[in-house]
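Participant: Below are the sequence and a predicted model; questions follow.
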Amino acid sequence: MPDEDSKIDHYVLEYRRTNFEGPPRAKEDQPWMVIEGIKGTEYTLTGLKFDMKYMNFRVRACNKAVAGEFSEPVTLETRAFMFRLDASTCHQNLRVEELSVEWDATGGKVQDVKAREKDSKSRTASPVNSPAR
């Protein structure tokens, strides 16, 4: 961390995606992405996608005249949480398929239940079987 009276004007952050854990390899496929003009010692990188598991980062300090050397690169893991949606327990207006969810303003599940009730004459119309339940 620089002292308050240091001559550091800003920082440059570089990052790239990688498939490897640990230090960066000599030959990486992905180019370094550059973010310049960072004024503070903290930065939040937004817009990342979980398309690769690991990312390399390095930073350097700059003053008005010259840029310093890059820090040693670090590798961070960007884990993604995978889940599936359950069509049987979701809101009645949601239409859930394997990897997609759609809002059905007409209440698709209610219509499905009413259609099943018409087909099944043996079912009684009780509050327990009500589509609103």
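Facilitator: Received the coordinates, thanks. Numbering: from 1, shown residues only.
Participant: tell me the domain ranges of this protein?
Facilitator: 10-78, 82-110 (the TED database).
Participant: worst average pLDDT in those domains?
Facilitator: Of all the domains of the chain, the minimum mean pLDDT falls on domain 82-110 (a mean of 75).
Participant: rewinding a little: can I get the domains of the chain in CSV with mean neighbour count?
Facilitator: No exception for glycine: its C-beta is placed from N, CA and C like everyone else's. Shown next, in CSV, are the domains of the chain (neighbours: other CB atoms under 10 Å):
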stretch, mean neighbour count
domain 10-78, 13
domain 82-110, 11
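Participant: neighbouring contacts of the helix or strand containing Ile35?
Facilitator: Assigned by DSSP states H and E, Ile35 belongs to strand 33-38. Strand 33-38 is contacted by residues 10-16, 43, 45 when judged by CB atoms under 8 Å, 6 or more residues apart in numbering.
Participant: redo that, cut-off 7 Å
Facilitator: 10-16 (CB atoms under 7 Å, 6 or more residues apart in numbering).
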